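>>> Any chance you could fold what I've pasted below:
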Amino acid sequence: MKLVVAIVQDEDAVKLVEALGENKFGVTKLATTGGFLKAGNTTLIIGTPKEKVDDVLAIIEENCKSRTKMTTANTGTPWPNGAYVPYPIEVTIGGATIFVIDVEQFKKI
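All right, here's what the predicted structure looks like:
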């Protein structure tokens, strides 16, 4: 048994959960917040037999695509009076961060 933990963008989460359900994978959805952009993420917890991990990963890859977004940098350009002026930067968001963890024991009560 394996536990797949996938951190995805909120905008990818709905279609990913639907796709996992259509393929008979149970999923628990948690609302989380990313540290870099302070934006909403969704963390999905999926328990699956070892033989089905590649199927889960393929569904995640199919439904979570990277894209770019404009945001402001946390540090700005210093002005002579000590004020900081933030400037726009382009960052890559989306995709998924995935952890596959061995499950030593599994019980459903």
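>>> Can you tell me which helices and strands the lengthiest helix in the chain packs against?
Across the chain, the longest stretch assigned as helix under DSSP state H is helix 10-22. Secondary-structure packing of helix 10-22 (3 or more Cβ pairs under 8 Å, 6 or more residues apart in numbering; DSSP states H and E): strand 40-48, helix 53-63. Where you see a C-beta, it was placed from the backbone N, CA and C, and this is true even at glycine.
>>> Just put those in JSON lines and tack on mean pLDDT and mean neighbour count.
Converted to JSON lines, these look like this (pLDDT from 0 to 100; neighbours: other Cβ atoms under 10 Å):
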{"stretch": "strand 40-48", "mean pLDDT": "93", "mean neighbour count": "19"}
{"stretch": "helix 53-63", "mean pLDDT": "97", "mean neighbour count": "15"}
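>>> okay, the ones you listed in JSON lines with distance to Thr72 next?
JSON lines is the format used below for the helices and strands packed on helix 10-22 (distance: least, Cβ to Cβ, whole Å):
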{"stretch": "strand 40-48", "distance to Thr72": "18"}
{"stretch": "helix 53-63", "distance to Thr72": "29"}
